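Peer 1: sequence first, then the predicted structure:
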Amino acid sequence: MISLEALTEQLANHILSWDMPEPARLDVRLVPQNLLPIINDLYQLRWGYLAAITGLDHGPETSEMEVLYHFCAAADVLTLRVHIPRENAALPSICSILPYAGVFERELSEMFGVIMYGAPDDSRLFLPDDWPEGVYPLRKDAKEPEDD
């Protein structure tokens, strides 16, 4: 298995910056257009598995959110951090490379309002069918829908 340090060299063409906040953990920052190439590189290298996709809303005053892709290989954790605008939040789906990412992408879309372009399934996963459009419960400015 490729070490985290060596992984930064392999992915250097696609990343903005990286840091190791603690041993066995690598955080990599990248722009949205480099998401698919870096996921493809990880797949080709057979480096770990996608453990989760997490949304982070920094609040309406910041105008952006982050999407974190967490990969694990043994005790090593690689987190890809992608900054996107809060308004019209969108990323390409990674399901063409990692089909099992669909569940994580559906949750991200449903809870944070991130559109996943090219996703094979964009149906709801957790929220009821009558949940109001445009209300994303994990955004910091989300308001609970009123009961009728």
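Peer 2: Right, received. Where do you want to start?

Peer 1: drop to CA atoms for contacts and neighbour counts, all remaining ones
Peer 2: Noted.

Peer 1: show me what counts as buried in the helix or strand of the chain with the lowest mean pLDDT.
Peer 2: The weakest-scoring helix or strand in the chain, judged by mean pLDDT, DSSP states H and E, is helix 4-10 (a mean of 92). Neighbour-count burial for helix 4-10, counted by 16 or more other C-alpha atoms under 10 Å, picks out 4, 7, 8.

Peer 1: could you find the closest non-adjacent residue to the first one?
Peer 2: Across the structure, with C-alpha to C-alpha, 6 or more residues apart in numbering as the measure, the residue nearest residue 4 apart from its sequence neighbours is residue 26 (6.6 Å).

Peer 1: can you count the residues close to that neighbour?
Peer 2: Counted by other C-alpha atoms under 10 Å, the residues lying close to residue 26 total 21.

Peer 1: looking at this, it is in a strand?
Peer 2: Yes - the assignment for residue 26 is a strand, going by DSSP: H, G, I helix; E, B strand; the rest coil.

Peer 1: now the strands for this protein?
Peer 2: With DSSP state E, the ranges of strands along the chain come out as 17-22, 25-30, 49-57, 64-73, 76-85, 90-92, 115-117.

Peer 1: how about these, which one is nearest residue 142?
Peer 2: strand 49-57 (10.7 Å; C-alpha to C-alpha).
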